[in-house]
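Q: the sequence and its predicted three-dimensional model are supplied below.
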Amino acid sequence: MSMTDHVKATIKSVNFHLRNVYRLRRFITIDSCHHLVRTLILSRPDYANSRFGISSKDRKKLQELQNRAARIVLRTDRYHPSAPLLDRLHWLPVEKRVVYKVLLLTFKCLNGLGPSYLTSRILLTYQNKSPV
């Protein structure tokens, strides 16, 4: 099973919204644009960036979208390096966002805050080892 079709649809949708934000960008503040991009745009690739169901090629395309969004928010040209922009906006790169999501979900499950269908699958075993 491949996620390529889903990634393509996500990219198409995000590009549509990015074009619209780009047209509005000069009329809104950085904070407003940042909030707009986070809510309308960055939430969409999160549905497509599963670590196990997505190829590195598709992950790279999603990263390019995120870089483009950062350049629009901060009003830089297309050749500006994206890593400093992501740091300035406090955005994790796509690969690290995936790891963060998995770790956060695991933490929630371990503390009884996660979905019951996942929390019930986790078995904890503690080894009581006394110091020698």
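A: Received the coordinates, thanks. Numbering: from 1, shown residues only.
Q: helices and strands around the longest helix along the chain, which ones?
A: Using DSSP state H to define each element, the chain has its longest helix at helix 4-24. With contacts taken as 3 or more Cβ pairs under 8 Å, 6 or more residues apart in numbering; DSSP states H and E, helix 4-24 sits against helix 30-40, helix 56-74. Glycine gets a C-beta too; all of them are placed from N, C-alpha and C.
Q: tell me how far the shortest one lies from the chain's centre.
A: Think helix 30-40. On the basis of Cα atoms, centre = their mean, to the nearest Å, helix 30-40 sits 14 Å off its chain's mean C-alpha point.
Q: mind giving me the packing neighbours of that helix?
A: Looks like helix 30-40 contacts helix 4-24, helix 56-74 (3+ Cβ pairs under 8 Å, 6+ apart).
Q: please identify the deepest-packed of the ones you listed.
A: helix 56-74 (a mean of 19; mean count of other Cβ atoms under 10 Å).
Q: show me which positions of the helix or strand just after that helix end up buried.
A: Once the chain leaves helix 56-74, the next helix or strand it forms, by DSSP states H and E, is helix 82-89. By neighbour count with 16 or more other Cβ atoms under 10 Å, helix 82-89 contains the buried residues Ser82, Leu85, Leu86, Leu89.
Q: redo the residues you listed as CSV? Include distance to Lys60 and pLDDT.
A: Output for the buried residues of helix 82-89, formatted as CSV (distance: Cβ to Cβ, whole Å; pLDDT from 0 to 100):
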residue, distance to Lys60, pLDDT
Ser82, 12, 93
Leu85, 17, 95
Leu86, 15, 95
Leu89, 20, 95
